[in-house]
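**Q** Have a look at this prediction, sequence included:
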Amino acid sequence: MADRSGMQVDGARVLVAGATGVIGGKLVTALVERGARVVPAGRDEERLAALGTQCGTTPQVLDAVDADAVRRAVDAAVAELGGLDLLVVTIGAAGFGKAVDLDAAVTEELFAVNVQAPMALVRAAAPALTESEHGTAVVLSAILADLPTVGMADYSAAKSALSTWLGVLRKEQRRAFRVVDVRPPHLDTGLDQRALAGEPPRLPEPVAADEVVTAILDALAGDTGELVWEAKEKKLTPR
């Protein structure tokens, strides 16, 4: 049974999926600085090579929408680390457009990247997380799960689906491993400028990605299951 009272980052065995993105890369650096043993996984091979040097581990090139490739990458990381205490999933893609106008292929990719890929990663890591005393899966969904937005119907629906799945997973696995759903607001990562389709509607001032990293690291020491953006307080708040 996993100890939900929190985990010690120093010495933790960690897989970060989406490590070549802005938030994933920052989390890799922060975790390594705090003494974690980290295997980075992502799509950008050049960036991965640099992260592997930083971590002193073998990076895993990851096609997150290929369930078999996901399982191979997770298995390789678990084998190298000798187990897994923490899975961090920061994979995601944006897409904009009115609900009746968005191309079906874009919708399919939004759900593949934002929903099916994180699900596959957690499923593949579940046995190792269950064996860990403090097994924890941290997955980034988005504020869109709470505030679906005009011009982002399909994107909102994907993030809502992921958040819903994580909520049920937390209940089902409460005696096996901890699940943390992180729902950040619009961030300064430039994701909106790399959308699969469409132009973003008017968005609020972006929040620094570093704030999300800090909130996640703080949450690991506690027992929270959700980090939710509170607009009045302008911070991610444990729930």
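**A** Sure, I can see it.
**Q** where along this structure do the helices fall?
**A** Counting by DSSP state H, the chain has these helices, from start to end: 22-33, 45-55, 67-81, 104-111, 117-131, 153-172, 209-220.
**Q** and the last one, average pLDDT?
**A** Okay, so that is helix 209-220. Averaging pLDDT along helix 209-220 gives 95.
**Q** before we move on, what about the fifth one?
**A** For helix 117-131, mean pLDDT is 98.
**Q** The longest one too?
**A** Per-residue confidence for helix 153-172 averages out to 97 on the pLDDT scale.
**Q** how about that helix: buried residues?
**A** 153-163, 165-167, 169-170 (16 or more other Cβ atoms under 10 Å). Bear in mind the C-beta positions are built from the backbone N, C-alpha and C, glycine included.
**Q** And for stretch 33-48?
**A** Ala36, Arg37, Val38, Val39, Pro40, Ala41, Gly42, Arg47, Leu48.
**Q** residue contacts, the third one?
**A** For Val38, the contacting residues are Val14, Leu15, Val16, Val28, Leu31, Val32, Cys55, Thr57, taking Cβ atoms under 8 Å, 6 or more residues apart in numbering as the criterion.
**Q** about what we covered before: now the helices of the chain as JSON lines including distance to Val9?
**A** JSON lines is the format used below for those (distance: least, Cβ to Cβ, whole Å):
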{"stretch": "helix 22-33", "distance to Val9": "6"}
{"stretch": "helix 45-55", "distance to Val9": "14"}
{"stretch": "helix 67-81", "distance to Val9": "14"}
{"stretch": "helix 104-111", "distance to Val9": "32"}
{"stretch": "helix 117-131", "distance to Val9": "16"}
{"stretch": "helix 153-172", "distance to Val9": "21"}
{"stretch": "helix 209-220", "distance to Val9": "6"}
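**Q** Closest to Leu84 out of the buried residues of stretch 33-48?
**A** Distance to Leu84, by Cβ to Cβ, is smallest for Val39 among the buried residues of stretch 33-48, at 9.0 Å.
**Q** Go through the helices of the chain and name the closest to Pro201.
**A** helix 153-172 (10.7 Å).
**Q** If you compare the directions of that closest one and helix 104-111, what angle comes out?
**A** Helix 153-172 and helix 104-111 are oriented at 30 degrees to each other (axes from the mean of the first three to the mean of the last three Cα atoms, to 10 degrees).
**Q** quick one on the thing from earlier: any chance of the buried residues of stretch 33-48 in a markdown table, with pLDDT too?
**A** Output for the buried residues of stretch 33-48, formatted as a markdown table (pLDDT from 0 to 100):
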| residue | pLDDT |
| --- | --- |
| Ala36 | 98 |
| Arg37 | 98 |
| Val38 | 98 |
| Val39 | 98 |
| Pro40 | 98 |
| Ala41 | 98 |
| Gly42 | 96 |
| Arg47 | 94 |
| Leu48 | 96 |
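**Q** Narrow the residues you listed to those in strands?
**A** Using DSSP state E to define strands, the subset of the buried residues of stretch 33-48 located there is Arg37, Val38, Val39, Pro40, Ala41, Gly42.
**Q** Throw the residues you listed into a markdown table and include distance to Gly24, thanks.
**A** Shown next, in a markdown table, are these (distance: Cβ to Cβ, whole Å):
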| residue | distance to Gly24 |
| --- | --- |
| Arg37 | 16 |
| Val38 | 11 |
| Val39 | 12 |
| Pro40 | 8 |
| Ala41 | 9 |
| Gly42 | 7 |
